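> quick one, structure for this:
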Amino acid sequence: MPIGEFGGAPPLASEGSPVLTTPMYWMYEMAQASLNPARAVTDATRLLFQNPLNPWARTEVGKSVAAACELFERTTRRYGKPEWGLDDTEVNGIRVPVEVRSVWEKPFCKLLYFDRKFARPLRSPQPRVLIVAPMSGHYATLLRGTVEAFLPAHEVYITDWADARMVPLSDGRFDLDDYIDYVVEMLHVLGGNTHVLAVCQPSVPVVAAVSIMEARRDPFVPTSMTLMGGPIDTRRNPTGVNDLAQERGIDWFRNHVITKVPFPHPGMMRDVYPGFLQLNGFISMNLDRHMDAHKRLFANLVKGDGDLVDKHRDFYDEYLAVMDLSAEYYLQTVDTVFVKHSLPKGEMMHRGTRVDPSKVTRVALMTVEGENDDISGLGQTEATHGLCSSIPDHRRVHYVQKGVGHYGVFNGSRFKAEIVPRIHDFMVSAANPSSLRALAAE
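Model prediction:
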């Protein structure tokens with residue numbers, strides 16, 4: 001199921017109508033406020049028909065009423081940012097507590113560190129990994145499974161991007177150039193000997209950041225760079241998302257999905273691509289599947305199948321939690337990556353300087369793709385190897401995971417069993433040329 005990618009916004013009633021687009025957010029807020037009393041009554045009714053003292057609670061009618069009330073509340077709720085829920089992990093067969101804390105912060109991002117509280121220090125340090133999460137609609141917690149899979153054998157950091165509606169206008173704008181600067185600053189904060197891993201959309205800014213650091217001979221370049229399902233060259237095997245950007249052009253996106261944050265949010269009057277529009281796009285791509293999932297939820301609530309109900313809640317609590325994106329960042333990314341293909345054409349600029357991936361020489365490169373990826377088509381991430389032409393062959397690896405789509409590239413059973421071990425071996429071997437030669441030959 002596609003989650004959190006550009007290009008899914010629905011068309012509005014009229015073409016090129018910012019006059020219509022701007023009040024949409026304000027109308028959405030009014031609708032949310034007007035539903036609050038109904039949600040409160042519905043929730044009270046649900047509790048009433050789930051009360052064991054109520055004789056109706058054990059009947060088919062009572063269970064159906066309670067299920068309908070929960071369904072209404074869940075489908076009209078605004079979902080907040082999910083919790084990480086990673087309280088511990090297993091390292092070398094021992095359960096270790098995990099504390100999530102911020103180690104660097106700017107208005108649009110925090111750098112989170114998953115600090116494993118060892119009773120005794122490890123005999124040898126484990127690879128330090130900076131996971132750059134997508135800033136494409138969903139929160140960084142979408143990568144909870146990714147972090148969980150790396151924690152047993154890695155020192156993990158992740159970018160926690162801010163919801164643009166929560167950033168005051170006085171904190172300034174945020175665009176693709178700022179994104180690249182943030183990545184460079186975080187690598188400096190980590191102080192070298194770091195492996196950077198980009199999941200999907202951040203592949204382009206991460207390649208740009210590493211290219212710029214290499215051109216400057218920056219001592220804090222990462223030891224390795226792993227790109228997973230990233231849209232490096234969307235001209236290769238284009239998907240529906242890529243075709244939409246090409247067909248519409250940047251002006252369509254500017255006129256149809258950009259609006260201003262309303263009162264009372266801290267980011268009032270900031271230009272954003274709002275989360276509720278993004279969610280509309282995500283759901284419309286697989287509307288029948290979502291409707292069937294909620295029908296099954298109703299049936300499982302009536303049957304009392306707690307395991308299936310909990311699985312539904314867990315997935316949709318994450319899926320329906322969306323954040324606003326800064327308009328400057330969103331439009332610049334769509335234009336640079338999906339419309340102009342600036343990076344593979346050698347035309348991408350950062351602060352007036354051309355981004356040149358051929359300058360990358362000290363960083364080992366691994367690309368990972370899913371055989372059935374319908375967001376970043378097969379070959380789009382692999383194109384990085386042609387751009388980073390100065391990396392020796394023994395310091396580069398490409399891997400295609402059979403039988404997975406976009407989501408399976410960074411989450412799920414095959415990711416944990418087949419992709420993570422390969423990335424781990426790659427990172428461990430990145431500083432050892434002979435080891436990388438053997439890994440590249442596999």
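> what segments of the chain are strands?
Along the chain, counting by DSSP state E, strands occupy 88-91, 94-106, 109-116, 128-132, 155-161, 195-199, 224-228, 259-260, 271-273, 325-326, 349-350, 353-354, 364-370, 396-401.
> want to throw those strands into TSV with mean pLDDT?
Formatted as TSV, these follow (pLDDT from 0 to 100):
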stretch	mean pLDDT
strand 88-91	94
strand 94-106	96
strand 109-116	97
strand 128-132	97
strand 155-161	97
strand 195-199	97
strand 224-228	97
strand 259-260	90
strand 271-273	92
strand 325-326	94
strand 349-350	96
strand 353-354	95
strand 364-370	97
strand 396-401	95
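> pick out the residue closest to the middle of the chain.
The residue lying closest to the centre of the chain (C-alpha atoms, centre = their mean) is Pro134, at 3.4 Å.
> quick one: which of the strands of the chain is nearest Asn242?
strand 364-370 (14.7 Å; C-beta to C-beta). Every C-beta, even on glycine, is put in place using the N, C-alpha and C of the backbone.
> could you list the low-pLDDT ranges of the chain?
1-22, 431-442 (pLDDT under 70).
> now Asn92: how far from Leu122?
Applying C-beta to C-beta, to the nearest Å, the value for Asn92 to Leu122 is 8 Å.
> so what's the residue count around Trp252?
17 (other C-beta atoms under 10 Å).
> swap in the one 4 residues further on?
Here the neighbour count serves as a burial measure; for His256 (other C-beta under 10 Å) it reads 23.
> returning to what we had before: which phi and psi values does the residue nearest to the centre of the chain adopt?
Main-chain dihedrals, Pro134, degrees, to the nearest 10: phi -60, psi 140.
> what number of residues lie near the closest residue to it other than its chain neighbours?
Using C-beta to C-beta, 6 or more residues apart in numbering and skipping residues adjacent in sequence, the residue nearest Pro134 is Gln201, 4.3 Å away. By other C-beta under 10 Å, 25 other residues sit near Gln201.
> please report how far Gln201 lies from Tyr179.
Distance from Gln201 to Tyr179, by C-beta to C-beta: 10 Å.
> please parse the protein into its domains.
The chain breaks down by the TED database into domains covering 15-78, 89-244+326-440, 284-318.
> right, and Ala208 touches Thr353 too?
No. Judged on C-beta atoms under 8 Å, Ala208 makes no contact with Thr353 at a distance of 10.2 Å.
> those two: which is more packed in?
More neighbours surround Ala208 than the other of Ala208 and Thr353, with 25 against 12 (other C-beta under 10 Å).
> what's near enough to touch the more buried one?
Residues near Ala208 by C-beta atoms under 8 Å, 6 or more residues apart in numbering: 180, 343, 348, 350, 355.
> and with 10 Å instead?
Neighbour list for Ala208: 176-177, 179-180, 183-184, 336, 342-343, 348-350, 355-357 [criterion: C-beta atoms under 10 Å, 6 or more residues apart in numbering].
> which of the residues you listed are buried?
176-177, 179-180, 183-184, 336, 342-343, 348, 350, 355-357 (16 or more other C-beta atoms under 10 Å).
> I am finished for the moment; much appreciated.
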